[in-house]
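Chemist: Provided below are the primary sequence and the corresponding predicted coordinates.
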Amino acid sequence: MGSRTRTTTSTSTSTNTSVEEEAPLPAGHEPELEVGLEPKSVGVGELLKVKVAATVPVGDNVTLPEQEFGGFELNDKKARVEPAKAGKQRFVFELALQAFEPGEVELPGLQVRVVTKQ
């Protein structure tokens, strides 16, 4: 059976998540998502650090696909995979975003792509 992918949109200002499906994931493969922002607000030219962590069964793969960040530009992106524990793998993405527009700018939900081993 081929791999399945799903794109998840995570609300960036909290740990709430909403899901937009490309294809349904098999039971037990829904990612556990954590999102953090630091600082909570930035001025023009300052960096906003966004951390997205997704925990999935070992063998599944998680990526952050290319996407738009609203009024922010991507300055840096780092990714790492933490050692597996109890059959789960944690993928961590750290983004440095920069605002170049004056005024209030909103960071849209972020897309997370999961490809299962099945």
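Modeler: Sure thing, it's come through.
Chemist: From one end of stretch 96-104 to the other, what's the distance?
Modeler: The first and final residues of stretch 96-104 sit 18 Å from each other (Cα to Cα, to the nearest Å).
Chemist: what does it rub up against?
Modeler: Residues outside stretch 96-104 that contact it (Cβ atoms under 8 Å, 6 or more residues apart in numbering) are 42-50, 69, 71-77, 105, 107. (Glycine included, C-beta is placed from N, CA and C.)
Chemist: Mind checking which of the residues you listed are buried?
Modeler: Among the contacts of stretch 96-104, those buried by neighbour count (16 or more other Cβ atoms under 10 Å) are 42, 47-48, 50, 69, 71-72, 105, 107.
Chemist: which of these lies closest to residue 34?
Modeler: Closest approach between the buried ones among the contacts of stretch 96-104 and residue 34, by Cβ to Cβ: residue 50, at 11.4 Å.
Chemist: Got phi/psi on residue 25?
Modeler: phi -90, psi 150 (degrees, to the nearest 10).
Chemist: Give me the neighbour count for it.
Modeler: Neighbourhood size, residue 25 [other Cβ atoms under 10 Å]: 21.
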